[in-house]
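Undergrad: Mind looking at a prediction? Sequence and model below.
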Amino acid sequence: MNPNVETQTDNKVKIFDVEKIRKDFPILKSLVHGKPLCYLDNAATTQKPKIVIDSLVEYYNSMNANVHRGVHHLSEVSTKAFEDARLKVKNFINASSEKEIIFTRGTTESINLVANSLAKSMFQDGDEIIITGMEHHSNIVPWQLIQPIKNIKLRTIKVDDNGELILDDFEEMFNERTKLVSIVYVSNSLGTINPVEKIISIAHKHNVPVLLDGAQAIQHLNVDVQKLDCDFLAFSGHKIYGPTGIGILYGKEKFLEEMPPFLGGGDMISKVTFNGTTYNELPYKFEAGTSNIADAIGLGTALDYVSGLGIDSISKHENEILEYATAKLLEIPGLRIIGKAKNKSSVISFVFENIHPHDVGTFLDFEGVAIRTGHHCTQPLMDRFCVPATSRASFALYNTKEEVDILVKSLKKIIEVFN
């Protein structure tokens with residue numbers, strides 16, 4: 001149990017003390033340009049609790065060795081910690097087996113793995129993949145990269161003015177050439193939480209598998225892959241308070257068994273001769289080379305931390321911050337929020353008519369406020385809303401209403417300066 005969490009006896013939702021939780025994150029004590037750091041760029045990456053940082057130091061201090069096949073003590077200890085981390089991921093998303101958990105470098109690599117492996121095993125010339133108009137580039141470009149090989153066609157679910165998917169004609173998009181639906185669970189630019197259960201149900205009715213980009217969902221929502229019945233799920237460790245450079249691909253075992261490896265080399269082999277190679281069993285078939293051992297262990301520690309707080313408690317807190325921030329930002333003259341879906345995660349993108357987002361971001365930095373500006377790797381979505389870029393504030397479990405007030409006060413200063 002996390003010591004910063006208190007449990008109500010008459011309520012299943014845990015209540016946590018945000019000020020105590022903030023003490024778990026060393027970087028939040030930083031000063032930026034002489035002012036306290038107000039970190040509101042969590043959709044890009046989350047900060048790390050000390051327990052995660054300590055786990056990385058502990059690995060290199062006391063168990064640094066390559067995993068699997070080693071018979072000496074350090075290798076055995078390292079292997080156990082590495083595979084324990086895989087088990088933690090399996091339990092966190094409620095996968096059926098550890099065989100369905102593949103370590104990658106992040107969401108991007110996970111999607112590229114699926115794209116390349118399915119291209120070899122399942123796609124034929126002229127086949128179609130359904131995506132949405134709010135996809136991150138990481139769920140667009142990998143499919144375009146295989147187009148010269150398999151002539152894959154992308155079909156896109158449109159986005160309405162509120163930033164919600166238009167699903168009226170979704171079922172009519174399916175035909176005998178439809179081979180995959182690959183969609184974002186939560187939009188990194190709009191905060192929209194898509195109705196993935198409905199989408200998966202419709203796709204499965206047509207015997208089409210579904211890949212979920214869970215990069216912006218895993219840290220905010222209770223993601224249960226068996227309940228969702230998704231066929232693939234990709235997410236990144238650094239979005240959920242873990243290290244960078246580590247990610248997960250979940251895949252149903254039946255698909256992973258049929259898919260060929262993405263990369264070749266050590267650990268993904270069973271036997272190699274000059275005449276051919278037989279591949280290792282799952283999940284190692286997709287984990288070529290030396291694994292990112294320390295960061296996998298760090299990810300496991302991060303998932304322990306989040307589980308200790310309770311994802312329901314985190315969501316409740318973040319929703320309160322989102323509602324408070326939305327109301328406060330709407331009071332600012334000339335500010336327009338991009339993305340007004342009814343079901344949103346803790347992301348607010350906004351624009352001013354006569355102030356470029358990059359100017360907003362630079363000014364806020366001198367106030368100690370960290371936000372993200374730009375197209376957020378969703379250029380087609382920016383085109384849909386006829387803006388070149390937005391300013392994006394994104395909230396996490398350690399953010400407070402006081403930080404929202406600092407953001408609002410700083411934005412009002414910007415208006416005064418530019419006017």
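TA: Ah, there it is.
Undergrad: Near Ile414, how many other residues are there?
TA: 19 (other Cβ atoms under 10 Å). Every residue, glycine included, has its C-beta placed from N, CA and C.
Undergrad: Give me the neighbour count for the nearest residue to it once chain neighbours are set aside.
TA: Setting aside the residues directly before and after it, Ile414 is nearest to Phe363 in space (Cβ to Cβ, 6 or more residues apart in numbering), at 5.0 Å. By other Cβ under 10 Å, 17 other residues sit near Phe363.
Undergrad: cool, Asn207 as well?
TA: 8.
Undergrad: can you check Asp54 too?
TA: By other Cβ under 10 Å, 14 other residues sit near Asp54.
Undergrad: From Ile240, how far out is it?
TA: 17 Å (Cβ to Cβ, to the nearest Å).
Undergrad: One more: Gln144?
TA: From Gln144 across to Ile240, the span is 28 Å (Cβ to Cβ).
Undergrad: Just the element for the closest residue to Leu335 other than its chain neighbours, please.
TA: Closest residue to Leu335 apart from its sequence neighbours, by Cβ to Cβ, 6+ apart: Phe350 at 5.4 Å. Using DSSP states H and E, Phe350 sits in strand 347-352.
Undergrad: same for that strand, what does it pack against?
TA: When contacts are defined as 3 or more Cβ pairs under 8 Å, 6 or more residues apart in numbering; DSSP states H and E, strand 347-352 sits against helix 311-330, strand 335-338, strand 390-394.
Undergrad: Name the residues that touch the host helix or strand of the residue nearest to Ile414?
TA: Following DSSP H and E, one finds Phe363 within helix 357-366. Residues outside helix 357-366 that contact it (Cβ atoms under 8 Å, 6 or more residues apart in numbering): 32-33, 351-352, 370-374, 389-391, 407, 410-411, 413-414, 417-418.
Undergrad: List only buried entries from those.
TA: Buried subset of those (neighbour count, 16 or more other Cβ atoms under 10 Å): 351-352, 370-374, 389-391, 407, 410-411, 414.
Undergrad: Let me have those in TSV, adding distance to Leu74 and pLDDT as columns.
TA: Formatted as TSV, those follow (distance: Cβ to Cβ, whole Å; pLDDT from 0 to 100):
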residue	distance to Leu74	pLDDT
Val351	53	97
Phe352	56	96
Ala370	39	98
Ile371	43	98
Arg372	40	96
Thr373	45	96
Gly374	44	93
Ala389	48	96
Thr390	48	97
Ser391	48	98
Leu407	47	98
Ser410	50	97
Leu411	52	97
Ile414	54	95
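Undergrad: Which of the residues you listed sits closest to Thr326?
TA: Ranked by distance to Thr326 (Cβ to Cβ), these are led by Leu407 at 11.9 Å.
Undergrad: Distance-wise, check the closest one relative to Arg392.
TA: 12 Å.
Undergrad: ok, the residue lying closest to Ser30 once chain neighbours are set aside - how many residues close by?
TA: Distances taken as Cβ to Cβ, 6+ apart place Leu37 nearest to Ser30, at 4.4 Å, with adjacent residues excluded. The tally of other residues near Leu37 (other Cβ under 10 Å) stands at 17.
Undergrad: Quick check, pLDDT for Leu37.
TA: Confidence at Leu37, expressed as pLDDT, is 98.
Undergrad: Enumerate every residue touching it.
TA: When contacts are counted by Cβ under 8 Å, 6+ apart, Leu37 touches 27-31, 368, 370.
Undergrad: Which stretches in the stretch 151-300 of the chain count as helices?
TA: 196-205, 225-228, 253-258, 293-309 (DSSP state H, counting those that start in this stretch).
Undergrad: of all those helices, which lies closest to Lys344?
TA: Among the helices of the stretch 151-300 of the chain, helix 196-205 comes nearest to Lys344, with 14.5 Å by Cβ to Cβ.
Undergrad: Compute the distance from the centre of the closest one to the centre of its chain.
TA: With Cα atoms, centre = their mean, to the nearest Å as the basis, helix 196-205 stands 21 Å off its chain's centre.
Undergrad: which residues sit against that helix?
TA: Applying Cβ under 8 Å, 6+ apart, the external contacts of helix 196-205 come out as 130, 167, 170-171, 174, 181, 183, 185, 209-210, 212, 228-230.
Undergrad: and the closest residue to Val32 other than its chain neighbours, how many neighbours?
TA: Nearest residue to Val32 in three dimensions, chain neighbours excluded: Gly368, at 4.4 Å (Cβ to Cβ, 6+ apart). For Gly368, the neighbour count with other Cβ under 10 Å is 19.
Undergrad: And Gly368, its phi and psi?
TA: Note on Gly368: its backbone torsions stand at phi 90, psi 10 [degrees, to the nearest 10].
Undergrad: again, but for the one 5 residues further on
TA: Dihedral angles phi and psi of Thr373 (degrees, to the nearest 10) take the values phi -130, psi 150.
Undergrad: so it bridges to which residues?
TA: Beta bridges link Thr373 to Ser391, judged by DSSP bridges.
Undergrad: State the distance from it to Leu364.
TA: 9 Å.
Undergrad: Report all helices and strands that the helix or strand following the helix holding Phe363 contacts.
TA: As assigned by DSSP H and E, the chain's next helix or strand after helix 357-366 is strand 369-370. Counting contacts by 3+ Cβ pairs under 8 Å, 6+ apart, strand 369-370 packs against strand 38-39, helix 401-418.
Undergrad: Right, I'll leave it there.
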